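Visitor: what shape does this take:
(4 chains, ligands or ions: 6)
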Amino acid sequence: MDINIVIGGAAGQGLETIAYLLSKSLVRMGYGVRTSRDYMSRVRGGHNFSRLRISADSPMAAAEQIDILVALNEETYDLHRDFLTANGRVIYDPDSFSLPESESRGTPVQLQALAQEAGGAIMSNTVATGAVLVLLGMDTAAAEKLLVEEFTGKEGVAESNIAALKAGYQAASKTCSACFELPAQNRKPASQIFLEGNEALGMAALASGCRFLSAYPMTPSTGIMDYLAGKQGAYDVVVEQAEDEIAAINMALGASYAGVRSMTSTSGGGFALMTEGLSLAGMTETPLVIILSMRPGPATGLPTRTEQGDLDFSLYGGHGEFARAVLSATSLEDAFYRLNKAFDLAEKYQIPVIFLSDQDFADTSRSLAPYDFARLRYDRHLLETWESRPRYQRYTFTENGLSPRAFPGQFPGETVLADSDEHDEDGHIIEDAETRKKMVNKRLARLELLAAEMDEPLHYGAHEPDLLLVGWGSTYGALREAVDILALKGNNVALLHFSDLWPFPAKTLTELLPRVHKSFCVENNATGQLAKLIKGQTGLSLDHHILKYDGRPFLPADIVREVKIHG
Amino acid sequence: MDINIVIGGAAGQGLETIAYLLSKSLVRMGYGVRTSRDYMSRVRGGHNFSRLRISADSPMAAAEQIDILVALNEETYDLHRDFLTANGRVIYDPDSFSLPESESRGTPVQLQALAQEAGGAIMSNTVATGAVLVLLGMDTAAAEKLLVEEFTGKEGVAESNIAALKAGYQAASKTCSACFELPAQNRKPASQIFLEGNEALGMAALASGCRFLSAYPMTPSTGIMDYLAGKQGAYDVVVEQAEDEIAAINMALGASYAGVRSMTSTSGGGFALMTEGLSLAGMTETPLVIILSMRPGPATGLPTRTEQGDLDFSLYGGHGEFARAVLSATSLEDAFYRLNKAFDLAEKYQIPVIFLSDQDFADTSRSLAPYDFARLRYDRHLLETWESRPRYQRYTFTENGLSPRAFPGQFPGETVLADSDEHDEDGHIIEDAETRKKMVNKRLARLELLAAEMDEPLHYGAHEPDLLLVGWGSTYGALREAVDILALKGNNVALLHFSDLWPFPAKTLTELLPRVHKSFCVENNATGQLAKLIKGQTGLSLDHHILKYDGRPFLPADIVREVKIHG
Amino acid sequence: MGNPSCRPADYTGQDPSWCPGCGNFNILKALQNALAELQIPPHQALLCSGIGQAAKMPHYMRTNGFNGLHGRALPPAVGARVANINLKVIVTSGDGDTYGEGGNHFIHTIRRNPDLAHFVHNNQIYGLTKGQASPTSEQGMKTKVQPAGVMLPPFPPLSIALTMGAGFVARCFSGEVDHLKEVMKEAISFPGYALVDILQPCVTFNKLNTFAWYKNRVVQLKDHDPADRHEAARLARRWGDEIPIGILYREKNPRATFESQIRALQGEPLVYRPFDPGALQSLQDEFI
Amino acid sequence: MGNPSCRPADYTGQDPSWCPGCGNFNILKALQNALAELQIPPHQALLCSGIGQAAKMPHYMRTNGFNGLHGRALPPAVGARVANINLKVIVTSGDGDTYGEGGNHFIHTIRRNPDLAHFVHNNQIYGLTKGQASPTSEQGMKTKVQPAGVMLPPFPPLSIALTMGAGFVARCFSGEVDHLKEVMKEAISFPGYALVDILQPCVTFNKLNTFAWYKNRVVQLKDHDPADRHEAARLARRWGDEIPIGILYREKNPRATFESQIRALQGEPLVYRPFDPGALQSLQDEFI
Ligand SMILES: Cc1ncc(C[n+]2csc(CCOP(=O)(O)OP(=O)(O)O)c2C)c(N)n1
Ligand SMILES: Cc1ncc(C[n+]2csc(CCOP(=O)(O)OP(=O)(O)O)c2C)c(N)n1
Ligand code: SF4
Ligand code: SF4
Ligand SMILES: [Mg+2]
Ligand SMILES: [Mg+2]
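Guide: Ligands and ions are numbered 1, 2, ... in the order given. Prediction:
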């Protein structure tokens, strides 16, 4: 059986360390683990929590119920108690608060006092980690190793943390040891990787040959910048923190024009500032990947929470008409290769590609089989040789609208001119109607080729379903599990889940939708943006919208409940 | 019969003066006149021209054929000769170039030499004006009066211009006088106004109580700024040229928040930079009118030409989800009152309202009956009195989602807090799911009320048509005339023309479209953005798209031709 | 005026969510006291901010507030001044907000010279987004995004403000709260744009410029003539073992403000003037 | 190098659409000559610009060109330098473009100090959009948008560049084309960010600062030691009957450029380095 752990407290209490130590220990031993974060836009205080789920296979979604609640403060207990299972346990510090008389599930551990004994109150979180380990029937070996890795070079820190860990282990074992039975250990030890969305995207970019990231910090995209910045010494990559998002996208365009794969990353507000540059990418036919990591808007909204509210904006942002692709992050397994596809499409079609992530995807970690880097494509789609034709022209008319791309300096004697105005084949400003028309046609013609590259949505579940769920992006895990739950309850149900969104891959949906009994569009937004896209592209409407826009990700149970009401 | 005049030459040759003198003389005498401009993005040289059409009633569109061609250089003759009617005339300077032997329609006038005689070569354009007047069978009185008005205070300038005018009149009368018969003089003298789109919008804003325009110059919107800037001394209006478009929209929001009607104006590239502020208007529920004067994109595109390429962007620009209205400029008659409506809706629903104009609308002048200022609405929709409830809360929950709006300082002791983050009724930052959800609902609820305010499209022509043309914005005149032409040729045809675009008024179209034999969506863009909106909102598709995206406005003949091919 | 509702407590807003020990608490306190001592009632003050830890100020005060976009604190403040010259407008935001994302507005607002006080909480770091370099971060400081250390030399706010012609330029330290309050009062009272760059320890992310680091370096200006522009420029460049705090420059005869140069803004605030569209019919006469 | 394809005529592009008599013609000529004399062949030079009359330069030259967005000439130039340190990058754009819409990039690019030459065609007006005030327009100048005259004091580009720590700061006049060419050559050769603010008459819209206005005022610097920062700052403020032109400041020991501080940029230009994703498999080891 799965085990679900919630670790809650104030920002600054070290929740993430607990989650990390537990998750990583479990992953290394071969368990399937998923860890997600729910945190406030503040650095200290407030109420934050992490959800940790342990399964035989890597869990695709979080669950509502809680087996172990690590309550670093009373608020955590109050907010989560209703979801604690009958046999659940609450780890808490009796010196900090007490549980109600009626509460029989307490595992009191003197977190502060024990930490103090081990060397400092700051290690309360390590004490709590030890307590969880014992409840899970694990030993402390893996966690000890992690502490040593973490604190190498910091004299005595690993040792005192290990002491704290053991003290917590000891203390909790008094009440109950191995209360929970861990699921099967399906993977070989040290055979899985465990990383969060932003790390997967950063690594995918680096492994796709992205050599320049110019960006401006913005939650929840900053982790991508952190990852790539950390690789700067050892790899051929440059990360520049721009003065603003306008500089960020324009720098990236300059680098891409000059021949290196480039990227920028941001969230909605920053993307808004980039839309003029997006349009410039379209006009100049400069390849660019933009990771748009969504959070709830409008304006500043809820900076550290999740939403799928910028699909519309990614499809139509930027003035004028030009070709673009919009892809999205679904699972960690897929996103790694899909961001690579984004880089490939950007250069193959000389367009901007928007890759939609969101806070839920960005901040959630899971155990996975390692990626196969040999599957990554790396073809620059550049003009390779230059026979001495009269002269190189950046915007040569060709049948499919794609002009051979060269970079400045690539061919001695030849120059490359990129232009924001309407232009002729040389890139020089023009105003005549005929050239204008031909250039518009040229820029838009590639949409057809691009459409052929789009992956149809993933079809999961029944082949000929009665109930059809439709979703996109990061909700994949929750939707998949919802389908499993509904199927178990006897429903003939399937999921169509979109990764590639534009040009819209309409075939599978158009075939399947008219045949189902009831359809649901499930989106983490308030207006049903995918449903609108579907209607605009196919004329088809879905029967119901399941929308969540409170800044929190879907849990499978949310979806199941709604389907039951309307199904 | 209508008379069509084209005046062409290089930038800097004073084409606009000729067009102005002729148009205004005619308008004052009671003729119907329409004058549009086709000009390049340069200050001197190149090929520019104005089209002037004279009818009994105010002409809604330009015509393809040319009766009088004023060719200030040879290029003008070469480019336009094919459209000259059999009885047409070309006014040109024989000292500058000569017409082909075969050309019998020449009216040579020594423009330069005569101007020189009158006092300076710079007055060549005035000489040409005189020549046109004689061909039209007019006297020079009205034009003389205009020259006096224009050059008051500049010693001798009016006089020498009048001499030049008369010299041109004299010279042309040798070849032909009153070659063309003017149409009926349907209006009383001095009973009409004659102004261009930007002037109408500027005046509408001022007369709607707009007291602050912050903007950054951008063709073709700058004329609005020019108009309002010129009124600063005499009226309660402030115009500030911001350092960039980001400052422009944020300044306007600050002023609106603080209680004055505010506006910004721009074109696509500037609008792109404003989308973050647009989203802020949505979140803070701050009223704002944005005039988006479209030009061909992407990026810098064709700065001085026309396109309807930013409908998508105006509908979906800005991150996150919030209510907005999108209206558009169709005719000069309508746009004056519709911009007033934009101000009213912005404050009534506490939303940003985007008003779509374009270069063709902005730069085209027509003769009209004067506006009725008494028809303008001016209701601030502000909270009027404050009984001392516990405290004023900017975002109070109400049934329809509209919180009573007060401005800072309005009620002693009460404060007003606007917030870009998700917030509670006070405007204070919150993060809880419940409040978030309620606030999203509150912000979006008004869309329903707003929808009820939208005008259905104008239905012109047959009541139960076989052929239906559908359009929006500035193409109204050309479409109307296309319907007239098609009807004359025996077609049962009508036009549905949208002014209000969002929330989309779908009723009339949904009723009519399924009943027609063939439908055409006519748009000045390459991708058919209205058609996409229609499909997304109603699921209905139109049979054909008539799209023009070469930067030039539709002529009625363009549309008629396409309808004939596909009709 | 002696308005009874101007005690410091009258300016209390939401509970701050800053980290314990954050320098922002003192800035909040100084501002509440400054407003109280100046007897500017909450409904006549307007606080504008962008986004960041500092920019949360309008929530922690009870005054009017416009908490706008990151980097865009100044433009709404200028707009508000146009609408209502009776409002006391104070802009209070972070160093990243002001000198980074908002750099263009910083420069051009100084040129514009609206009558507002501008308080920059300069913690030399991006606090809210967890510790990236800001334009004022010291060269060499390591962060996750600048793992090899900050390469760019710091943006010099005071020198730039002086070069741009600001009429009031000051530096303060949040650790000297009374001094800060006094300078704030002067800035608020100054007719025109007034900059106070406030050194503010970020106890969580800036481990270089700590409370002690500042405390050991700041020296209150004594015997300095704030009308001496040349000396002010020299002091503005001082950054090291000694960092002068206080009013570096205050124009003797303040130049005309933005508002005072606009004809339409003379007299009653725009927001209070009545309006009737019907009376404007004659606007179209010029088009006949 | 004596590359045979580096005659001035080899840099000829599209026919200019500027007004006859426009100061831009001379800037074009100076730049073509400067490149020819420096023997930088067209394919090794990159001209970046924004939007405006000045910004059309890349069309009127034959070199590589990135004619981007209004106000955004500098960021692509920096990006291009990251991609290929072998490119000679020159930014050539208008005063509105650079100091108005692009003000934030101006400031932060100076901090960044990439190795590029920055030529600002300063006609003290918005030319392409037909004559609105630019940040450098003189106070009092009347335009359609500023009918009561420009209120804001002009933006002082040279002083700001010096205050921001630029290593090369010069002023030229398009009317002295040889002098301009020589300064351009120095700016292009300077290792780091080099600003040349070029006074350029706009014969159509700026009726105040005409050719004669400039001609009567500009004075070529003589006996000025460009290593003297203090004197440079003094000269930068000179604007009136005499306007000094020439190299006001050139750092004696130029500080490290942006590119030279980035480890990944040492050696072969990024753009020429091979890449194989398969070889990066070990990246994921840290996640095990
Ligand atoms: C357009 C945009 N870009 C980025 C962000 C993310 N962001 C929020 S606050 C901040 C930096 C804050 O630094 P500072 O202004 O110094 O304030 P502090 O938190 O240090 O007080 C950033 C980058 C944003 N909200 N909006
Ligand atoms: C985002 C954006 N805003 C405004 C414009 C319109 N625009 C084009 S050039 C220009 C000003 C040009 O002035 P300057 O940079 O001084 O160049 P000049 O024409 O004087 O050489 C403006 C405002 C634009 N193209 N893009
Ligand atoms: S992160 Fe720094 S600036 Fe932000 S509240 Fe904490 S101490 Fe203050
Ligand atoms: S408008 Fe001015 S800057 Fe532009 S080309 Fe003409 S003279 Fe030159
Ligand atoms: Mg800061
Ligand atoms: Mg200029």
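Visitor: would you mind listing what in the stretch 101-250 of chain C touches chain A?
Guide: Applying CB under 8 Å from any CB of the partner chain, we find that the stretch 101-250 of chain C lies next to chain A at C:101, C:103, C:126-130, C:132-133, C:135, C:144-148, C:204-205. Every residue, glycine included, has its C-beta placed from N, CA and C.
Visitor: any idea which residue of the stretch 51-200 of chain A lies closest to ligand 3?
Guide: Shortest the stretch 51-200 of chain A-to-ligand 3 distance, computed as CB to the nearest ligand atom: residue-wise this is A:I122, at 16.6 Å.
Visitor: before we move on, back to that, of the residues of the stretch 101-250 of chain C next to chain A, buried ones?
Guide: By neighbour count, with 16 or more other CB atoms under 10 Å in any protein chain shown, those hold C:101, C:103, C:126-130, C:132-133, C:135, C:144-146, C:204-205 as buried.
Visitor: which of the residues you listed sits closest to B:H497?
Guide: Closest to B:H497 out of these is C:E101 (42.5 Å), distances taken as CB to CB.
Visitor: doesn't A:Q241 make contact with the closest one?
Guide: No - with contact defined as CB atoms under 8 Å, C:E101 and A:Q241 do not form a contacting pair (11.4 Å).
Visitor: between these two, what contacts are shared?
Guide: Jointly contacting C:E101 and A:Q241 under the rule CB atoms under 8 Å, 6 or more residues apart in numbering or on different chains are A:Y216.
Visitor: can you give me the neighbour number for residue 213?
Guide: If you meant another chain, say so; for now it's chain A. A:L213 has 30 neighbouring residues, counting by other CB atoms under 10 Å in any protein chain shown.
Visitor: the chain in question should be chain C.
Guide: Quick note: C:W213 (other CB under 10 Å) scores 16 neighbours.
Visitor: measure it to ligand 5 for me?
Guide: 15 Å (CB to the ion, to the nearest Å).
Visitor: helix or strand for that residue, just tell me which one.
Guide: Element membership for C:W213, per DSSP states H and E: helix C:211-215.
Visitor: C-alpha coordinates for that helix, PDB please?
Guide: Extracted in PDB, the C-alpha atoms of helix C:211-215 (Å, rounded to 0.1, in the frame of the first residue of the first chain):
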ATOM      1  CA  PHE C 211      23.300  44.400  10.400                       C
ATOM      2  CA  ALA C 212      26.800  44.600  11.900                       C
ATOM      3  CA  TRP C 213      28.400  45.300   8.600                       C
ATOM      4  CA  TYR C 214      26.300  48.300   8.100                       C
ATOM      5  CA  LYS C 215      26.300  49.300  11.800                       C
END
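Visitor: for the helix or strand just after it, buried residues please.
Guide: Helices and strands here follow DSSP H and E; after helix C:211-215, the next one along the chain is strand C:218-220. Using 16+ other CB under 10 Å as the test for burial, strand C:218-220 gives C:V218.
Visitor: what lies in contact with the next helix-or-strand element following strand C:218-220?
Guide: Later in the chain than strand C:218-220, the nearest helix or strand by DSSP H and E is helix C:229-236. With contact meaning CB under 8 Å, 6+ apart, helix C:229-236 is reached by C:156, C:158-159, C:162, C:169, C:221, C:224-226, C:244, C:248-249.
Visitor: and the residue in the stretch 1-150 of chain C that ligand 2 sits nearest to, how many neighbours?
Guide: Nearest residue of the stretch 1-150 of chain C to ligand 2 (CB to the nearest ligand atom) works out as C:N104 at 12.6 Å. Per other CB under 10 Å, the neighbour tally for C:N104 reads 29.
Visitor: please apply the same query to A:A369.
Guide: 11.
Visitor: can you say which helix or strand has A:F194 in it?
Guide: According to DSSP H and E, A:F194 maps onto strand A:193-196.
Visitor: can you list the helices and strands that that strand packs against?
Guide: helix A:15-29, strand A:365-368 (3 or more CB pairs under 8 Å, 6 or more residues apart in numbering or on different chains; DSSP states H and E).
Visitor: what residues does the stretch 1-150 of chain C have near chain D?
Guide: When proximity is defined as CB under 8 Å from any CB, the stretch 1-150 of chain C approaches chain D at C:100-104, C:107-108, C:111-113, C:135, C:148.
Visitor: just flag the most distant two among those.
Guide: C:N113 and C:A148 (40.3 Å).
Visitor: can you give me the strands for the stretch 101-250 of chain C?
Guide: Listed in chain order, the strands of the stretch 101-250 of chain C (DSSP state E, counting those that start in this stretch) span residues C:117-122, C:168-173, C:194-199, C:218-220, C:243-250.
Visitor: which of those sits closest to ligand 1?
Guide: strand C:117-122 (5.5 Å).
Visitor: wait, does the closest one contact ligand 5?
Guide: No - using CB under 5 Å from the ion, strand C:117-122 never reaches ligand 5; the gap is at least 6.5 Å.
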